[in-house]
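> Predicted coordinates and the sequence they were generated for:
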Amino acid sequence: MTVPQRISMVTLGVADVATATRFYESLGWRRAPGSQESITFFEMQGSALGLFGHGDLAEDACVSADGPGSKAGAFRGVTISINVDSPADVDEVYADWLACGAVAARPPGPVFWGGYIAYVADPDGNLWEIAHNPHMPNDADGHIMFPDG
């Protein structure tokens, strides 16, 4: 499998999810279905913006929120996601990234919310999440489909 050339989601690590959510809603942006108290999603044009607590996002990526703490480098408070269609695709895309020189941050595996994810860092330490999210599958064009709200 070739790594899909798309950005499914950018997730910002924020100090306070509720405050950040109110800010983006004040821009006229509407919260997407699937949003919860701990994470907010905004449906963009073909992708998504996520707001997640800074420390929680670092923990999700298995990197230190306060500094370097891992081979992936210092946590910058942002992750970029590529959503794929299955856990097997996560494994394959993760291997492709590593074969191209990415640094492993979190190996592929299941997560508490029912998905399957991995994290890698590019040569500059930017974190990419490779995710299979059965609650927000891709459409035929590779865009996230939010659940009906």
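Sure thing, it's come through. Numbers count the residues shown, from 1 in each chain.

> What is the neighbour count of residue 16?
Other residues within reach of residue 16, judged by other CB atoms under 10 Å, total 12. From N, CA and C alone the C-beta is placed, and that goes for glycine too.

> Could I get the pLDDT score of the spatially closest residue to it that is not a sequence neighbour?
Once flanking residues are discounted, residue 16 sits nearest to residue 53: 7.9 Å by CB to CB, 6 or more residues apart in numbering. On pLDDT, residue 53 comes in at 92.

> tell me which element residue 120 is part of?
Taking DSSP states H and E as the criterion, the element that holds residue 120 is strand 116-121.

> how much space is there between the residue nearest to residue 16 and residue 84?
Distance, residue 53 to residue 84, by CB to CB, to the nearest Å: 25 Å.

> and those two? which has more neighbours close in?
It is residue 84, of residue 53 and residue 84, that has more neighbours when counted by other CB under 10 Å, with 25 against 18.

> hang on, isn't the more buried one packed against residue 132?
Yes. Checked against CB atoms under 8 Å, the pair residue 84 and residue 132 is within contact range at 5.7 Å.

> Find residues that contact each of those two.
Counting by CB atoms under 8 Å, 6 or more residues apart in numbering, the shared contacts of residue 84 and residue 132 are residue 90.

> And the longest helix anywhere in the chain, how far out from the chain middle?
Secondary structure of the chain per DSSP state H: the longest helix is helix 87-99. Mean-position distance between helix 87-99 and its chain equals 15 Å (CA atoms, centre = their mean, to the nearest Å).

> How about residues contacting stretch 116-130?
For stretch 116-130, with CB under 8 Å, 6+ apart as the criterion, the contacting residues are 9, 11, 60-63, 71-76, 78-82, 84, 87, 90-91, 93-94, 97-98, 101-111, 131-132.
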